[in-house]
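Undergrad: Take this sequence and fold it.
(one chain, ligands or ions: 1)
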Amino acid sequence: MQANELREQYQKFFEARGHKRIRSAPLLPENDPTVLFTTAGMHPLVPFLLGEPHPLGRRLVNAQKCLRTDDIDEVGDASHLTFFEMLGNWSLGDYFKTESLAWSYEFLTQVLALDPVRLAVTVFAGDTDAPRDDDTAGIWQRLGIPDERIYFLPKKDNWWGPAGATGPCGPDSEIFYDTGKPGHPGCAPGCACGKWFEIWNNVFMEYNKTADGRFIKLSQQNVDTGMGVDRTAAVLQGFDDVFRVETLAPLIARVEELARKKYADDPKPFRVIADHLRAATFAIADGAMPSNVEAGYVVRRLIRRAVRYANALGIAHNFCADFSGIVVAMFASAYPELEQNRAHIADELDREESKFKATLERGLREYHKVAELTRDLGANEIAAPDAFNLFETFGFPLSLTIELAREQGLSVDEAGFDALYRAHQEISRRGSEQKFKGGLADHAEQTTRLHTATHLLHQALRAVLGASVRQMGSNITAERLRFDFAYAEKLTPEQIAQIENIVNQQIENDLPVSIAVMSLDQAIKSGALAFFGEKYGDQVKVYSMGSFSKEVCGGPHVQRTGELGHFKIAKQESVGQGARRVRAVLDPKTG
Ligand code: SER
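TA: Numbering: from 1, shown residues only. This next block holds a predicted model:
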């Protein structure tokens, strides 16, 4: 079965069991300052796992675009990917273990026709935070999995979440497929030898991890499952290598053509190029741009690593834009945003590739000089100023220098690099990397305030600049809001002052913030702004701030606008033709 069909069959199967299909959220979370990318299907659903009612009910299913930056350096083997699609079904306080496991088993053995004899499962062994999950083991037994294929494993293997420091989590049960390889002696699911291929994870999210490290029972018992499309398609197609699946194979074939080399002879560079450019294509489609900070830095690293490997394979001409075209063709039917952004993606990739190639050869020569000198001095660590020079002068992301060094048994003074970087940049690389490692945390109060301020700003912009102003993007950190909108001209100081005054007036008016759930049609008829209304399918949440602002949005928001403090526009800039960006802050109220 091909990936396109697997994606469809999965969603249909759960729709037939009362689930509502939701669209994939963007790869770049819109109002969550604590993560750079969406890394699991449950990410955008955290508020609903914690108890907020979802407009579409208690049973959801989707295919979610995910990007996991922790795996960048792992890419090169037969199964690691940075970008992947995760199929998932959720119970938000509705069904629990019995239905979830029975449906997983039915889908695998009936719809996908996998041989039940080759399935094995893992179950949480229990510890002081939560008991051994005998319920799950019992359900698997009744479904027909024999005892010797049920493995009890500790928290590090069989507990999922929270996605960040705090939030919903719980014991999980992973389903593995036996590839039939001999495997290590005594090997069990979870072993890296390649005998066992993990295909599905069922998480029973009934705990909330708190900031002080305790696991508290949630008010509702949730199910969160996740199945990787490429991995499962590989199993169904009899491959032990995800890069043979048609969601990646055309990229591998194109590298073979350009390099005039065979994938099978040395697969790693082919895999890096295919994975990284697929990931970069999806990330750019969702609004990331190569840069030195945050998500943009990840995209830059992905592209530059791919270009470096292509260079080593002898590929001389620019090839990245061409690869994005292949990705768009493969995925356009499932993700229309790719087609809509086709030209923009190709431009960004091409620009970044040219930029890096201009210095790549000289940078590599510089690197080899530095490495030789390091060894001549009897050292095995590349000094921070050298790594920083490679970064600043030749555009080598630190991770690239580390990788080159590792290939020669050397390391890099990373802490020293960070110190230099921090001294030179407004936002440090380490800060941004910690951020995506840190994952999803509670929405800070300040973030919520800025989110509400964003609605007021949106309305004020329309009042001052005209109703053709429309939101193009929004991003909030604990320090500031950032808002992109369609408008061709630079704002005058008078306009900025007017906008600030309107927002501050509405804050002073202390408007009540209220929420209503309705169909998207009704929302639009009632005059709500709805530029991102497709997110929840038919039913949407509409937030009103008095009679001043009404907008379709997922929340969260403050209760009254009076909680916001003093609003100030800190900066405006252009973000391409016809689009402007403003950054604004809220100062705490004084007196
Ligand atoms: N959140 C779980 C995972 O990522 C199940 O979807 O594996």
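Undergrad: Tell me the residues of the stretch 101-250 of the chain that contact the ligand?
TA: 160, 201, 203, 224-226 (CB under 6 Å from any ligand atom). The C-beta positions use only the backbone N, C-alpha and C, and glycine is treated the same way.
Undergrad: which pair in those residues spans the largest distance?
TA: 160 and 225 (10.0 Å; CB to CB).
Undergrad: Would you mind grabbing the residues shared as contacts by those two?
TA: Between them, residue 160 and residue 225 share these contacting residues under CB atoms under 8 Å, 6 or more residues apart in numbering: 201, 203.
Undergrad: and which of the residues of the stretch 101-250 of the chain next to the ligand is nearest to the ligand?
TA: residue 226 (2.3 Å; CB to the nearest ligand atom).
Undergrad: Give me every residue in the chain lying close to the ligand.
TA: Contact residues (CB under 6 Å from any ligand atom) of the chain with the ligand: 40-42, 88, 160, 201, 203, 224-226.
Undergrad: Kindly recompute the last result at 8 Å.
TA: Applying CB under 8 Å from any ligand atom, we find that the chain lies next to the ligand at 39-42, 66, 86, 88, 160-161, 163, 172, 201-203, 224-227.
Undergrad: Keep only those of those residues that are in strands.
TA: 66, 86, 88, 160, 172, 201-203, 224-227 (DSSP state E).
Undergrad: possible to save the residues of the stretch 101-250 of the chain next to the ligand as a markdown table with neighbour count?
TA: Putting those into a markdown table (neighbours: other CB atoms under 10 Å) gives the following:
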| residue | neighbour count |
| --- | --- |
| 160 | 24 |
| 201 | 21 |
| 203 | 27 |
| 224 | 26 |
| 225 | 26 |
| 226 | 20 |
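Undergrad: Can you point out the buried residues in stretch 408-422?
TA: 410, 412-414, 416-418, 420-421 (16 or more other CB atoms under 10 Å).
Undergrad: any idea how far that stretch is from the chain center?
TA: In terms of CA atoms, centre = their mean, to the nearest Å, the centre of stretch 408-422 is set 27 Å apart from its chain centre.
Undergrad: Check whether residue 29 really touches residue 39, as I assumed.
TA: No: the pair residue 29 / residue 39 is not scored as a contact, 9.7 Å apart, by CB atoms under 8 Å.
Undergrad: Can you give me the distance of residue 365 to the ligand?
TA: 42 Å (CB to the nearest ligand atom, to the nearest Å).
Undergrad: tell me the SS of that residue?
TA: Under DSSP: H, G, I helix; E, B strand; the rest coil, residue 365 falls in the helix class.
Undergrad: pLDDT score assigned to it?
TA: The model reports residue 365 with a pLDDT of 94.
Undergrad: Also residue 538?
TA: The per-residue pLDDT reported for residue 538 equals 63.
Undergrad: for the stretch 451-591 of the chain, which spans come out with low pLDDT?
TA: Under the criterion pLDDT under 70, the flagged ranges of the stretch 451-591 of the chain are 531-538, 589-591.
Undergrad: Check the stretch 301-450 of the chain too.
TA: 425-444.
Undergrad: who are the neighbours in contact with the residue lying closest to residue 511 once chain neighbours are set aside?
TA: Leaving aside its sequence neighbours, residue 511 sits nearest to residue 546 (CB to CB, 6 or more residues apart in numbering; 3.3 Å). Neighbour list for residue 546: 506, 509, 511-512, 561 [criterion: CB under 8 Å, 6+ apart].
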